[in-house]
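In: Provide a 3D model corresponding to the input given below.
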Amino acid sequence: MKLLNLHGYQASAENAAFLALKKCGYEVVSPQLDYDKSPPDLLRHELLLLFQNEQCDAVVGSSMGGYFAAQLCAMTQCRAVLINPCMLPFVTLPKYGNIRPEWIMLYFDLTQTLRAADPERLYVILGEMDEVIEYHPFTRSFFGEERCLRVPDGKHSGVTLPLETLFTEFGEKFFH
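Out: Residues are numbered from 1 along each chain as shown. Now for the predicted structure:
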């Protein structure tokens, strides 16, 4: 099974999710992304093409990558796992990044696409002690509590989450 892994804002392609997925035996495509370089609509299009060209079966996204993983899920109806997803980047990025003002509305507009995501095709892993994303209650409400795995001591970073264990225990459920 081939998975597309999308890392978070200013993070590495070889993030905690990538390492856990590799240890679990998955084939992983994990591009190095610069979220400040391309407008979100262009980046979404490039990720869609990568997903299709690499013939990936599912997508895993952490933080900002979780937003784009949800976008791909909505556009292709693929399976997706979102790890502490940044579901409101037009709120979060102005706090943490050098987002161009004209991109804020682009992110807002793209977020409308998420209504097409089938909640049955995705799972969300949330660190209850996330110090970066403060609106996980919104995420749980949007996708449904039953789609969310809450890690009580987990923080924002994937290294604080038992990803290898979760991918081992729930991989069948997550990706098939």
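In: For this structure, give me the ranges with low pLDDT.
Out: Of all residues in the chain, none has pLDDT under 70.
In: Okay, strands next: where are they in it?
Out: For the chain, the strands defined by DSSP state E cover 2-6, 27-29, 58-62, 79-83, 122-127, 148-151.
In: now the ones you listed as JSON lines including distance to Asp36?
Out: All C-beta atoms are positioned from the backbone trio N, CA, C, and that covers glycine. Listed next are the strands of the chain as JSON lines, based on distance: least, CB to CB, whole Å:
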{"stretch": "strand 2-6", "distance to Asp36": "15"}
{"stretch": "strand 27-29", "distance to Asp36": "22"}
{"stretch": "strand 58-62", "distance to Asp36": "17"}
{"stretch": "strand 79-83", "distance to Asp36": "21"}
{"stretch": "strand 122-127", "distance to Asp36": "24"}
{"stretch": "strand 148-151", "distance to Asp36": "29"}
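In: List the contacts of Arg100.
Out: Pro39 (CB atoms under 8 Å, 6 or more residues apart in numbering).
In: again, but for the one 10 residues further on
Out: Each residue near Leu110 by CB under 8 Å, 6+ apart is listed here: 40-41, 44, 71.
In: Check those residues and tell me the two furthest apart.
Out: Within the contacts of Leu110, Asp41 and Gln71 form the most distant pair, 10.0 Å apart (CB to CB).
In: Those two: which has the busier surroundings?
Out: Gln71 (25 against 13; other CB atoms under 10 Å).
In: show me what contacts the more buried one?
Out: 44, 47, 110, 113-114.
In: Roughly how far does it sit from Val81?
Out: Noted for Gln71: a distance of 14 Å to Val81, by CB to CB, to the nearest Å.
In: cool, and Gln55?
Out: 18 Å.
In: Looking at the two now, which is surrounded by more residues?
Out: Set Gln55 next to Val81 and count neighbours by other CB under 10 Å: Val81 wins out with 29 against 8.
In: that older thread, what two of the contacts of Gln71 have the greatest distance between them?
Out: Leu47 and Leu114, at 14.6 Å, using CB to CB across these.
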